[in-house]
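A.B. asks: give me a model of this one.
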Amino acid sequence: VEGLRIRGQSKGKQWQCRLSEGDIRFSLLPLASKTFRVRRARGGDFEFRLRSRLTEETRDLPAAQFFPDIEGFSNPPDPAPEDIYPPKDKTKKGWHIDLADVRFRGAVDLWFGRLRIAGTGLVGGDVDYQIRGDLHLPETVFDLDNGSLTFDNRTMVEDLGIDADIIVTPFRPKEVKGTAIFNHVLGSWKLENGTIPDLRIVDDMLPASSALELRSGTASFHWAFDKPSVEAGSSGDMSIVATGADMAAGGREMSGDFSLHSQLVRSSLAEGSWQLGETTLSLDNILIDLVGDDDSTDEQEEPWWARATLKAGNLELDDPGTLSAQLAFSMKNTDPLLELFLAKTDEEGRTKIPRWAKLLPDIQDLEGSATLRMDEGATIVDDIVIDGEKFDLMARLKAVGKEVDGQLYVRYKGLDLGLELRDGKSDLKVLRPKKWFLEQLELDGSTTIQPPDEGSNQAESG
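C.D. replies: Got it, this is the predicted structure:
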């Protein structure tokens, strides 16, 4: 065959398949019993498009503008096929599609509604589909180079290599919708050597309460999964590495490099649920717009760095997403961090630091731990314990947008103080601040902070 196009539609879907050229060997006799059986197919330049069939009520859905075009089909169809052709007798046997040893090489373009995957390489496998019955893919092979992944006509990843060898266990398309199909997908798939051309795409996937905002820049991308059985969840790893990115935290402009490496212990793609293993976020060569002595923007003397490791956690990719994790971290010094949390923007748009905060020492080489939770538009960092040279800090903070509430206890050399942040205001505690802080923990009853060892530092002042 040359220039083959097949298209069709049901009450819920419209689809089109194209093949530039091919050698397809099928059996004639099974056609008498409504079975199309192929035992070998070779071809080049394969295209498949699938979209939901709209109605008069759904034709103006915003998502519909991103569906693929199908030649000769309007959406919704006008006239509707069921208004032209006699209704099917569903008690009769439907066609059986039985394909084996299918291999198409060349340009590949797969478009499923709002998601499009394109590249050059190999796509093929086996298909066993009983119309109005089960669909089974005993083998599906993707081996693409120079690939792109597009969603809503927006390129998410380009220059991508895709290597997948999967099985789709039998399911009934009429009954299994959306991401629930991933419950039937087994095997391994890998996306690597890809480039994310616009980091704002990554930012869109972060929980709405995330304190870090990615403004611009590009990144390299790697994503690998393995699901050996129906009972097992997917496991694998993911990494994103960016250089020269523009970011913002707490409303403050930042630039620099970051990398995210995540191990996935178990996940359900269908439910958007991820059980995280060790996940590390590294910030390097970070430059932040600091506030100078006159409350104007000041130049940062040296780049800042920080490391954060999620020892274990759970991520729910809902809208908005949620994240809970045990966190360990280290950083170069405290000066940029204090500014991110304590700097305020006045009504005239000027950023200022409270005068008392300017008296705080800049502590070097800090290490600490905390419990992180992002949920319902808030970032909650609890059980914060930080150690540095002659320095201890205990805290719990809650950030909603640019507003931060919480309590802190700080001890530096022989001095200590407490700080309460509430409704955009700060209240300094100088009389028995440690006692005040521990009383707040007892009143709340939801934290497990362990006070620093008194023997390792000087006793509480006050």
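
A.B. asks: for the nearest residue to residue 72 once chain neighbours are set aside, which residues are in contact?
C.D. replies: Nearest residue to residue 72, sequence neighbours excluded (C-beta to C-beta, 6 or more residues apart in numbering): residue 7, at 6.9 Å. (Glycine included, C-beta is placed from N, CA and C.) Neighbour list for residue 7: 14-17, 70-73 [criterion: C-beta atoms under 8 Å, 6 or more residues apart in numbering].

A.B. asks: pick the one among those residues closest to residue 364.
C.D. replies: The closest of those to residue 364 turns out to be residue 15 (C-beta to C-beta; 62.0 Å).

A.B. asks: beta partners for that closest one?
C.D. replies: residue 8, residue 50 (DSSP bridges).

A.B. asks: do residue 415 as well
C.D. replies: Beta-bridge partners, per DSSP bridges, of residue 415: residue 412.

A.B. asks: please shift the residue numbers so they start at 41 in all later answers.
C.D. replies: Sure, I'll start numbering at 41, so the last one becomes residue 455.

A.B. asks: where does it land on pLDDT?
C.D. replies: Per-residue pLDDT puts residue 455 at 84.

A.B. asks: next, count neighbours for it.
C.D. replies: 14 (other C-beta atoms under 10 Å).

A.B. asks: before we move on, what about residue 111?
C.D. replies: Using other C-beta under 10 Å, residue 111 is surrounded by 9 other residues.

A.B. asks: ok, it to residue 346 distance?
C.D. replies: Residue 111 sits 53 Å away from residue 346, going by C-beta to C-beta, to the nearest Å.

A.B. asks: what do you get for residue 440?
C.D. replies: 22 Å.

A.B. asks: please enumerate the helices of the stretch 291-440 of the chain.
C.D. replies: 375-382 (DSSP state H, counting those that start in this stretch).

A.B. asks: before we move on, back to that, just the buried ones from the contacts of residue 47?
C.D. replies: 54-56, 110, 113 (16 or more other C-beta atoms under 10 Å).

A.B. asks: and which of those is nearest to residue 255?
C.D. replies: Closest approach between the buried ones among the contacts of residue 47 and residue 255, by C-beta to C-beta: residue 110, at 37.5 Å.

A.B. asks: what about the closest one, which SS state?
C.D. replies: Of the three states, residue 110 takes coil under DSSP: H, G, I helix; E, B strand; the rest coil.

A.B. asks: next up, phi/psi of it, please.
C.D. replies: Main-chain torsions, residue 110, degrees, to the nearest 10: phi -130, psi 120.

A.B. asks: was I right about it contacting residue 57?
C.D. replies: No - with contact defined as C-beta atoms under 8 Å, residue 110 does not count as touching residue 57 (10.3 Å).

A.B. asks: and residue 234, how far from residue 259?
C.D. replies: Distance from residue 234 to residue 259, by C-beta to C-beta: 9 Å.

A.B. asks: likewise residue 460?
C.D. replies: 39 Å.

A.B. asks: neighbour-wise, which of the two wins?
C.D. replies: residue 259 (24 against 16).

A.B. asks: export stretch 444-458 as CSV, just CAs?
C.D. replies: This file holds the C-alpha atoms of stretch 444-458, laid out as CSV (Å, rounded to 0.1, in the frame of the first residue of the first chain):
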residue,chain,number,x,y,z
VAL,A,444,4.8,33.8,56.7
ASP,A,445,3.5,32.9,60.1
GLY,A,446,5.2,30.9,62.8
GLN,A,447,7.5,30.8,65.8
LEU,A,448,11.3,30.7,66.0
TYR,A,449,13.8,30.2,68.8
VAL,A,450,17.4,31.2,68.1
ARG,A,451,20.5,30.8,70.3
TYR,A,452,23.8,32.3,69.2
LYS,A,453,26.8,32.1,71.6
GLY,A,454,25.5,33.3,74.9
LEU,A,455,22.4,35.1,73.6
ASP,A,456,19.0,33.8,72.7
LEU,A,457,15.7,35.2,71.5
GLY,A,458,12.3,34.2,70.2
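
A.B. asks: buried set for it?
C.D. replies: 444-452, 456-458.

A.B. asks: what do you get for stretch 193-208?
C.D. replies: Neighbour count says stretch 193-208 has 196-198, 200-204, 206-208 buried, by 16+ other C-beta under 10 Å.

A.B. asks: what about that stretch, distance to the chain center?
C.D. replies: Averaged C-alpha coordinates place stretch 193-208 at 15 Å from its chain's average position (C-alpha atoms, centre = their mean, to the nearest Å).

A.B. asks: not counting that stretch itself, show me its contacts.
C.D. replies: 106, 157, 159, 161, 175-190, 221, 224-238, 241, 261.

A.B. asks: can you say which of those are buried?
C.D. replies: Of the contacts of stretch 193-208, these count as buried by 16+ other C-beta under 10 Å: 106, 157, 159, 161, 175-177, 179-184, 187-190, 224-227, 229-231, 233-234, 236-238, 241, 261.

A.B. asks: so of those, which ones are in strands?
C.D. replies: Counting by DSSP state E, the buried ones among the contacts of stretch 193-208 place 157, 159, 161, 175-177, 179-184, 187-190, 225-227, 229-231, 233-234, 236, 261 in strands.

A.B. asks: what sits up against stretch 318-329?
C.D. replies: Stretch 318-329 is contacted by residues 292-303, 337, 340, 343-353, 365, 376, 379-380 when judged by C-beta under 8 Å, 6+ apart.

A.B. asks: could you rerun that using 6 Å?
C.D. replies: The contact list for stretch 318-329, computed with C-beta atoms under 6 Å, 6 or more residues apart in numbering, reads 292-303, 337, 340, 343-350, 376.

A.B. asks: any buried residues in it, and which?
C.D. replies: Buried residues in stretch 318-329 (16+ other C-beta under 10 Å): 319, 321, 323, 326, 328-329.

A.B. asks: need these in TSV (columns: distance to residue 62).
C.D. replies: Formatted as TSV, the buried residues of stretch 318-329 follow (distance: C-beta to C-beta, whole Å):
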residue	distance to residue 62
319	45
321	48
323	51
326	54
328	58
329	59
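
A.B. asks: so which of residue 440 and residue 346 has more stuff around it?
C.D. replies: A count of neighbours by other C-beta under 10 Å puts residue 346 above the other of residue 440 and residue 346, at 18 against 13.

A.B. asks: could you find the closest non-adjacent residue to that one?
C.D. replies: Leaving aside its sequence neighbours, residue 346 sits nearest to residue 371 (C-beta to C-beta, 6+ apart; 4.0 Å).

A.B. asks: what bridges to the one you found?
C.D. replies: residue 346, residue 406.

A.B. asks: pLDDT wise, what is it at?
C.D. replies: Note on residue 371: pLDDT of 88.

A.B. asks: ok, now residue 145?
C.D. replies: For residue 145, pLDDT reads 96.

A.B. asks: how much does the helix or strand where it lies deviate in direction from strand 175-191?
C.D. replies: Assigned by DSSP states H and E, residue 145 belongs to strand 136-152. Relative orientation of strand 136-152 and strand 175-191, computed by axes from the mean of the first three to the mean of the last three C-alpha atoms, to 10 degrees: 10 degrees.
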